[in-house]
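Chemist: I'd like to go over a predicted model; first the sequence, then the structure.
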Amino acid sequence: MNANERVNVLIVGKRADKVARYDVIVREVSDNVFLAASAEEALQCLLQIDITVVLLDGASSERDAFNTANAIRQHSSLQKTPIIFVLDAPLTDLGQYKDYRRGAVDFISAPVVPELLRNKVTIFTDLQHKARQVETLTGELDILAGAVIVSDADGRIEFWNTGAETLYGWGREEVLGRYLDQVVPITFPMTSKEVLSTVISDGQWEGTVRRQNKGGQEVTVAIRKILQRSDGAGAIVEMGQDISAQLQAEEALRQSERLAGIGRLAGVIAHEINNPLEAIANALFLVRSHPSLKGEAKHFARIAEKEVARIQHITQQTLSFYRESPAPISVSIPTILDDVLDLQARRLEINQIVVEKKYRNDMAIAAFPAELKQVFLNLIGNATQAMVQGGRLRISIRESMDYSSSRRGVRVSICDTGSGIQPQEAKRLFEPFFTTKPNNGTGLGLWVSKGIIEKYQGTIRFRSLRLYDQYVTSFSVFIPGAVAAPSLARAASSA
Amino acid sequence: MKNEVILCVDDEETSLLLRKPVLEQAGYEVMVAASAMQALEVLSSRKIDLLLTDYLMPGQTGTELARAAKNICPELPVILLSGVTELPPDMENVDLFVSKVEGPQSMCEKVAAVLSACHKQESASL
């Protein structure tokens, strides 16, 4: 038996002999008996202890007993505490207890028959326990059942539990009496009316629906509606579980499995391609420099070597994540960017692109140089390819702060005036094999870049704005943990 | 000055056949081994200046060979040459990782760089 199930009886009365007698009687059916000589003492006790039943001695002064009962009932937490009056004569003036209707009240005549008093105490005790059980069950039901809604046959809401408040955002008071299909209309797979008519004809309906919550957002809910015909008119009980989060988690899992699969595939392909590729490259290197090779044959060997170099470049850029050194080293960001600009120099010139650099020269971080080079080569390569008609490429390096994590780091912005990113492309930009350059890209560059930056716990973001008749597109890479390295900066500026 | 000796290990015959003359053109003497076991035999029988090994081979991998090789000659520089895309986890005995797709010129340059770094260390410690 837990504390809530203990039977605590409070006996209130001025006459000690009577109180003592009742005490002896009720002790047999209670765990604890508390005594009080006045209304004040009774209240004090009631507010401190969870009293199951109050026994009020009205035999000496009926008025005192009713005043005490009044005082008790004035407390909101005590309105349902059962009270038993002990009265000298049978009650004649019913008007006197009309105010106690909210709580349980009973009367017993003096002289008290012990068995009768014990019976009354036991009845109230049982009643109290049952009420508590119902309360607990309702609470549990709220948690277990999710959103429970009861509506009448016309669809007017009669009951709306806490789960429904949480799921749909509407408060109980706001929706009681309103039509369910107006408060939370079903948008998919059929209308609220169609669901309702199925429930009326078949007695129940079960399925997954999409509904709008109070804020106008869509939630996916698995619901079950049952028609109850207990009171003739009929009521519809609906139980709903929010499965939006579950669906999102499943989708994320599918997505990550797909990506992991692509990663494994890339690894296998890379290995199987890279081995013969090395042999071909070595063979061509030897052929080209072979003394017996003359004229046209030499020319063809050079072409073959150049084309193989292109394949090597592609597999290295797209399929490989390798690092040059086993541990990260201090990498100067300006040096890396200048190296990448050197690699792109010819294309920048052909496309007539003006390069503007705004470097903070002393930025270095601990990293694998090849990885960072790959990221910036991708971003600058994309920018260059987006500006076939010429344009401006602005690259800036500055110290920055990631406000979501309040970490310091280095931010590199690469800004171009090229063809821009269309809104429908924006969402898929970092997906593997997504490309806007069907003849020129693998669709892996940004995906790989994002993977690298995330490994450094950094972020990569972009914006593409239309200004008059041209686009300005900016990619911003943030890498935390940057430090100023004067020695490296000098090396970079002298290079 | 006598040519530096490179021990080149790969389970693929064609790869060895072509890598050997490339390194020879760059001025090295090249020994070849088709497995980690063969390589360890060569290492215990003569002086080698640099071990250039493939990673994925039947039997012991390149990184396992690196560990065994450093047990025999702790000063021996080791380059892991591979077509894999992710660095193997047990890289502690490898001095440099070189991707197979970097091409012959880059490979020779990196071999030269590792060897000259070793010489500097040697002369510093003398």
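Modeler: Structure's in. What do you need? In this text the structure is predicted, and so the values were computed from the model without any measurement.

Chemist: what about residue A:435, how many neighbours?
Modeler: 18 (other Cβ atoms under 10 Å in any protein chain shown). C-betas here are computed from N, CA, C, even on glycine.

Chemist: Three-state assignment for it, please.
Modeler: Look at residue A:435: counting by DSSP: H, G, I helix; E, B strand; the rest coil, its state is coil.

Chemist: List the residues that contact the residue of chain A found nearest chain B.
Modeler: Nearest residue of chain A to chain B: residue A:274, at 3.0 Å (Cβ to the nearest Cβ). Applying Cβ atoms under 8 Å, 6 or more residues apart in numbering or on different chains to residue A:274 gives the contacts A:315, A:320, B:82-84, B:99-101.

Chemist: same check, this time on residue A:30
Modeler: Neighbouring residues of residue A:30 by Cβ under 8 Å, 6+ apart: A:7-9, A:52, A:121, A:125.

Chemist: gap between it and residue A:107?
Modeler: Separation of residue A:30 from residue A:107 (Cβ to Cβ, to the nearest Å) stands at 19 Å.

Chemist: Contacts for the host helix or strand of residue A:236 next, please.
Modeler: Using DSSP states H and E, residue A:236 falls within strand A:235-242. For strand A:235-242, contacts defined as Cβ under 8 Å, 6+ apart pick out A:145-153, A:155, A:158, A:163-164, A:167, A:180, A:196, A:199, A:219-228.

Chemist: change it to 7 Å
Modeler: A:145-152, A:158, A:167, A:199, A:219, A:221-228 (Cβ atoms under 7 Å, 6 or more residues apart in numbering or on different chains).

Chemist: following that strand, which helix or strand comes up?
Modeler: helix A:244-288.

Chemist: got the angle between the next helix or strand after that next one and helix A:244-288?
Modeler: The helix or strand immediately downstream of helix A:244-288 is helix A:295-318, counting by DSSP H and E. Going by axes from the mean of the first three to the mean of the last three Cα atoms, to 10 degrees, helix A:295-318 is angled at 160 degrees with respect to helix A:244-288.

Chemist: chain center to helix A:295-318: distance?
Modeler: From the chain centre to the centre of helix A:295-318 is a distance of 51 Å (Cα atoms, centre = their mean, to the nearest Å).

Chemist: same thing with stretch A:168-184?
Modeler: 24 Å.

Chemist: May I have the strands that pair with the strand holding residue A:236, each with its orientation?
Modeler: Looking at strand A:235-242 with DSSP bridges, its partner strands are strand A:147-152 (antiparallel), strand A:218-228 (antiparallel).

Chemist: Highest mean neighbour count across those, which stretch is it?
Modeler: strand A:147-152 (a mean of 20; mean count of other Cβ atoms under 10 Å in any protein chain shown).

Chemist: Pull that strand out as CSV, backbone CA atoms only.
Modeler: Output of strand A:147-152 as CSV, limited to C-alpha atoms (Å, rounded to 0.1, in the frame of the first residue of the first chain):
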residue,chain,number,x,y,z
ALA,A,147,-4.3,12.9,-29.5
VAL,A,148,-7.8,11.8,-28.4
ILE,A,149,-10.7,13.7,-29.9
VAL,A,150,-14.4,12.9,-29.4
SER,A,151,-16.9,14.5,-31.7
ASP,A,152,-20.7,14.1,-32.2
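
Chemist: Name the strands paired with the next helix or strand after that strand and say parallel or antiparallel.
Modeler: As assigned by DSSP H and E, the chain's next helix or strand after strand A:147-152 is strand A:157-160. Under the criterion DSSP bridges, strand A:157-160 sits next to strand A:147-152 (antiparallel) in its sheet.

Chemist: got a list of contacts for the partner strand?
Modeler: A:157-161, A:163-164, A:167-168, A:180, A:233, A:235-240.

Chemist: Filter these down to the buried ones and express that as a PyMOL selection.
Modeler: To isolate the buried subset of the contacts of strand A:147-152 in PyMOL, counting by 16 or more other Cβ atoms under 10 Å in any protein chain shown, use the following:
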select buried, chain A and resi 157+160+161+163+164+167+168+180+235+236+237+238+239+240
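
Chemist: Please tell me how far the residue nearest the centre of chain B sits from residue B:41.
Modeler: The C-alpha lying nearest the average C-alpha coordinate of chain B belongs to residue B:52 (Cα atoms, centre = their mean; 1.4 Å). Distance, residue B:52 to residue B:41, using Cβ to Cβ: 17 Å.

Chemist: repeat for residue B:98
Modeler: Distance from residue B:98 to residue B:41, by Cβ to Cβ: 24 Å.

Chemist: more crowded one of the two?
Modeler: In this view residue B:98 and residue B:41 are compared by other Cβ under 10 Å, and residue B:98 has more residues nearby, 19 against 11.

Chemist: Which helix or strand contains that one?
Modeler: Going by DSSP H and E, residue B:98 is in strand B:96-99.

Chemist: Please state the offset of that strand from the chain centre?
Modeler: Counting by Cα atoms, centre = their mean, strand B:96-99 comes out at 10 Å from the chain centroid.

Chemist: mind checking the end-to-end distance for stretch A:192-210?
Modeler: 11 Å (Cα to Cα, to the nearest Å).

Chemist: So which residues lie in contact with that stretch, not counting its own?
Modeler: Contacts for stretch A:192-210 (Cβ under 7 Å, 6+ apart): A:155, A:180-181, A:185-189, A:218, A:220-227, A:236, A:243.

Chemist: what's the answer for stretch B:10-28, then?
Modeler: A:275, A:278-279, A:282-283, A:285-286, A:289, B:3-4, B:6, B:8, B:30, B:32, B:34-35, B:54, B:57-58, B:104, B:108.

Chemist: cool, stretch B:71-80 as well?
Modeler: B:43-44, B:48, B:50-53, B:55, B:62-63, B:66, B:69-70, B:93-98, B:110-111, B:114-115, B:118.

Chemist: Buried residues in that stretch, which are they?
Modeler: B:76-80.

Chemist: gap between it and the chain center?
Modeler: Mean C-alpha position of stretch B:71-80 versus that of the full chain (Cα atoms, centre = their mean) differs by 9 Å.

Chemist: Ok, stretch B:5-19 next?
Modeler: On Cα atoms, centre = their mean, the centre of stretch B:5-19 falls 10 Å from the chain's centre.

Chemist: Counting neighbours, what do you get for residue A:62?
Modeler: 18.

Chemist: Let me fix that, I meant to ask about residue A:206.
Modeler: Residues contacting residue A:206 under the criterion other Cβ under 10 Å number 12.

Chemist: Let's see the pLDDT reported for it.
Modeler: Residue A:206 is assigned a predicted lDDT (pLDDT) of 87.

Chemist: next one: residue A:55
Modeler: On the pLDDT scale, residue A:55 gets 90.

Chemist: okay, the angle between the lengthiest helix in chain B and helix A:244-288?
Modeler: Longest helix of chain B, by residue count under DSSP state H: helix B:104-125. For helix B:104-125 against helix A:244-288, the angle by the same axes, to 10 degrees is 90 degrees.

Chemist: which of the residues in helix B:104-125 are buried?
Modeler: B:104, B:107-108, B:110-111, B:114-115, B:118.

Chemist: Chain A next: which of those are close?
Modeler: residue B:104 (Cβ under 7 Å from any Cβ of the partner chain).

Chemist: Excluding sequence neighbours, find me the nearest residue to whatever residue of chain B ends up closest to chain A.
Modeler: Per Cβ to the nearest Cβ, residue B:83 is where chain B lies closest to chain A, at 3.0 Å. The shortest distance from residue B:83 to any non-neighbouring residue, by Cβ to Cβ, 6 or more residues apart in numbering or on different chains, is to residue A:274 (3.0 Å).
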